[in-house]
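Visitor: Below is the structure, and that's it, no one-letter string:
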């Protein structure tokens, strides 16, 4: 294990603490990107795309939050009972998340077809946040090795 592995970083930071801090940073970065980029989209394009972007960002952040809660609940359920949680419940939650995204796309498309581009960009917000987190963790690991 290297110094960048959460388990080998010592007793001060456990793997669970590491992952919790990563998730917290991801939510903060997604929120910051949504707040900073919405006015930029408004200025560069127009209000319709900005509305679509903001709506897509909100759906993406909510979806990420629900996904995290589902994974945590699965982990706790498995830990407590030692049995695999119900597949039907997991699938139902996943389908509800994707139904929300489809509903958001439908509403946006009906309101203004041009704002669909903003919605898709907003839904991509977690990708940008994960890339920023990867750069952050890479820099952090490189600093630790120097």
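Guide: Structure's in. What do you need? Just so it is clear, the structure is predicted and the values come from calculations on it, not from any experiment.
Visitor: Tell me which stretches of this protein form strands.
Guide: Counting by DSSP state E, the chain forms no strands at all.
Visitor: Pull out the buried residues from the longest helix seen in the chain.
Guide: Longest helix in the chain, counting residues (DSSP state H): helix 47-81. Buried residues in helix 47-81, counted by 16 or more other CB atoms under 10 Å: 48-57, 59-61, 63-64, 70, 74, 77. Bear in mind the C-beta positions are built from the backbone N, C-alpha and C, glycine included.
Visitor: list the helices and strands that helix packs on?
Guide: Contact analysis of helix 47-81 by 3 or more CB pairs under 8 Å, 6 or more residues apart in numbering; DSSP states H and E lists helix 15-44, helix 87-111, helix 116-123, helix 125-145 as its packing neighbours.
Visitor: Just the buried residues of the shortest one, please?
Guide: Using 16+ other CB under 10 Å as the burial criterion, the residues of helix 116-123 that qualify are 116-119, 121-123.
Visitor: Over to the longest one?
Guide: Of the residues in helix 15-44, those buried under the neighbour-count criterion (16+ other CB under 10 Å) are 23, 26-27, 29-30, 33-34, 37-38, 41-42.
Visitor: in this protein, what spans have low per-residue confidence?
Guide: For the chain, the stretches with pLDDT under 70 are 1-13, 75-86, 146.
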